[in-house]
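Novice: need a 3D model of the following:
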Amino acid sequence: MSLLSVLCKLASSRKPFISLAIAKIADILRDSFRESDIIGRVGGDEFAIMAQNVSSGDVENATAHLQENLLKHNQQSNRGYDLAVSFGGISIDPR
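Specialist: Here you go, the predicted structure:
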């Protein structure tokens with residue numbers, strides 16, 4: 001099992017902006033991970049993704065896919081700002 005933590009970089013105090021940005025990042029996360037992965041908002045601007053039956057290489061591939069989707073979204077949007085995230089992951093072997 002792997003756990004990935006995603007921290008959104010949201011530098012605005014405007015609540016409507018933050019709510020929209022968090023919702024868009026949630027959409028990007030859903031598009032970036034498998035349907036079987038569990039994605040949850042931990043609080044504020046942090047998300048956690050739990051993925052079963054993955055290796056550390058799979059985690060690297062998933063985070064690369066997330067970065068690609070984020071870049072694609074930023075290139076296609078015309079907002080005047082980019083969405084950005086930082087993330088870290090850990091693989092746990094329950095045996």
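Novice: can you tell me the closest non-neighbouring residue to the spatially most central residue of the chain?
Specialist: Nearest to the geometric centre of the chain sits Leu29, at 4.5 Å (Cα atoms, centre = their mean). Nearest non-adjacent residue to Leu29, counting by Cβ to Cβ, 6 or more residues apart in numbering: Ile39, 5.2 Å away. C-beta here means a position set from N, CA and C on the backbone, and glycine is covered the same way.
Novice: part of a helix, is that neighbour?
Specialist: No. Counting by DSSP: H, G, I helix; E, B strand; the rest coil, Ile39 falls outside a helix, being strand.
Novice: next, count neighbours for Ser86.
Specialist: Using other Cβ atoms under 10 Å, Ser86 has 9 neighbouring residues.
Novice: helix or strand: which one has it?
Specialist: Using DSSP states H and E, Ser86 sits within strand 85-91.
Novice: list of residues touching the longest helix along the chain?
Specialist: Taking DSSP state H as the criterion, the chain has its longest helix at helix 56-76. Applying Cβ atoms under 8 Å, 6 or more residues apart in numbering, the set of residues contacting helix 56-76 from outside is 2, 4, 6, 24, 28-29, 31-33, 49, 51, 54, 82-85, 87, 89, 91.
Novice: from these, which land in helices?
Specialist: 24, 28-29, 31-32.
Novice: are any of those buried, and if so which?
Specialist: 24, 28-29, 32 (16 or more other Cβ atoms under 10 Å).
Novice: reformat these as a markdown table; add pLDDT and distance to Asp45.
Specialist: Output for those, formatted as a markdown table (pLDDT from 0 to 100; distance: Cβ to Cβ, whole Å):
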| residue | pLDDT | distance to Asp45 |
| --- | --- | --- |
| Lys24 | 89 | 12 |
| Ile28 | 92 | 13 |
| Leu29 | 91 | 12 |
| Ser32 | 90 | 17 |
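Novice: format those residues as JSON lines; extra columns: distance to Gln76.
Specialist: JSON lines is the format used below for these (distance: Cβ to Cβ, whole Å):
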{"residue": "Lys24", "distance to Gln76": "12"}
{"residue": "Ile28", "distance to Gln76": "12"}
{"residue": "Leu29", "distance to Gln76": "17"}
{"residue": "Ser32", "distance to Gln76": "15"}
